[in-house]
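S.K.: structure for the following, please:
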Amino acid sequence: MVAIANPQAIPQTDERPSEETERQSGQSAGIAKLAHLHAEAEETARLANLLGRSLYAAIALPALALLTLALVNSAQLAQPLIWCGFVAAAAVAMLRAYFQTIGRPFERAALRSFAADMSAILMFAGFAWGAGAFLALPAGSGVASAILFAAVPGIAVAALLREREAVFLFLAPIATLTSFASVLRPFADGPLSAALILIACGLIAGAAALRARRGAGFNRPAMLPLP
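M.R.: Numbering: from 1, shown residues only. Now for the predicted structure:
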């Protein structure tokens, strides 16, 4: 006769712990994937907003330059026109980047490329605007004129683009060149003008950073670093 083995003597393998581990691992992977998709969607929406707002910035800069020329009494016309050409070149670069990307407003690769281009364009625009302190503003300009010249375009860019890095990239060269012009040209009360210009630009940049931290209208930075 064939002996029947005792079922209790056969070792039993409990597969429930491994199944539970696999289930938890699958849930973790699913949550991670959802978080990744959410981050991609958030970045795409943020960059798409930057793309749409850049059109207004491209229009605002030449308009502010023309307004500056209308308000400034300059004996020379050639140098202010050269400055307007610099500002117009920055605006054209923004428009070119905008129209190259607007046909693909929700493609992350195109939007990231646009954000990188905007970083370089905004820095160039800051130098172009700051050159106006030497080319457009007459020597002996008052303290208020110098401060407004540096602060107003920074406020406009902050309000239109709503990006902290945009404000920093644009304001840094403006503050540097305008403060130098205050002393070198010089403007009225040159050292005082230079100090107040740096303070005003610093306040604008600080307000942008504070607003970014609080999340009031500024999401996480969309601007990409310069290569």
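S.K.: from here on, contacts and neighbour counts on C-alpha atoms
M.R.: Will do.
S.K.: what about F187? Give its phi and psi, please.
M.R.: Phi and psi for F187, reported as degrees, to the nearest 10, are phi -90, psi 170.
S.K.: show the contacting residues for it.
M.R.: When contacts are counted by CA atoms under 8 Å, 6 or more residues apart in numbering, F187 touches P138, A139, G140, S141, G142, V143, A146, A181, S193.
S.K.: including distance to L203 and secondary structure, could these go into JSON lines?
M.R.: Shown next, in JSON lines, are those (distance: CA to CA, whole Å; DSSP: H, G, I helix; E, B strand; the rest coil):
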{"residue": "P138", "distance to L203": "25", "secondary structure": "coil"}
{"residue": "A139", "distance to L203": "26", "secondary structure": "coil"}
{"residue": "G140", "distance to L203": "25", "secondary structure": "coil"}
{"residue": "S141", "distance to L203": "22", "secondary structure": "coil"}
{"residue": "G142", "distance to L203": "20", "secondary structure": "coil"}
{"residue": "V143", "distance to L203": "17", "secondary structure": "helix"}
{"residue": "A146", "distance to L203": "16", "secondary structure": "helix"}
{"residue": "A181", "distance to L203": "20", "secondary structure": "helix"}
{"residue": "S193", "distance to L203": "15", "secondary structure": "helix"}
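S.K.: who wins on neighbours among those?
M.R.: Neighbour counts for these (other CA atoms under 10 Å) peak at S193, which has 26 neighbours.
S.K.: for it, which non-adjacent residue is closest in space?
M.R.: Sequence neighbours aside, V143 is the residue nearest to S193 in space, at 5.2 Å (criterion: CA to CA, 6 or more residues apart in numbering).
S.K.: in this structure that neighbour contacts V183, no?
M.R.: No. The pair V143 / V183 is not scored as a contact, 11.6 Å apart, by CA atoms under 8 Å.
S.K.: A78: neighbour count?
M.R.: Residues contacting A78 under the criterion other CA under 10 Å number 11.
S.K.: now do the one 3 residues further on
M.R.: Other residues lying near L81 total 17 when counted by other CA under 10 Å.
S.K.: cool, and the one 10 residues further on?
M.R.: Using other CA under 10 Å, A91 has 24 other residues around it.
S.K.: which parts of the helix or strand where it lies are buried?
M.R.: Element membership for A91, per DSSP states H and E: helix 78-101. For helix 78-101, the neighbour count (16 or more other CA atoms under 10 Å) marks 79-81, 83-84, 86-95, 97-98, 101 as buried.
S.K.: got the contact list for the helix or strand immediately after it in the chain?
M.R.: Where DSSP H and E defines the elements, the next helix or strand beyond helix 78-101 is helix 108-130. Contact partners of helix 108-130, identified using CA under 8 Å, 6+ apart, comprise 44, 47-48, 50-51, 83, 86-87, 90-91, 93-94, 97-98, 101, 104-105, 150, 166, 169-178, 222-226.
S.K.: now swap in stretch 136-149 and tell me
M.R.: Under CA under 8 Å, 6+ apart, the answer for stretch 136-149 is 68-69, 72-75, 79-80, 83, 133, 178, 182, 185-189, 192-193, 196-197, 200.
S.K.: quick one: end-to-end length of it, please.
M.R.: Stretch 136-149 has its terminal residues 10 Å apart, counting by CA to CA, to the nearest Å.
S.K.: so what's the model's average confidence on that stretch?
M.R.: Computed over stretch 136-149, the mean pLDDT rounds to 92.
S.K.: and if you look at stretch 162-173?
M.R.: Per-residue scores along stretch 162-173 average to 92.
S.K.: and it, what's buried?
M.R.: Result for stretch 162-173 [16+ other CA under 10 Å]: buried residues R162, E163, R164, E165, A166, V167, F168, L169, F170, L171, A172, P173.
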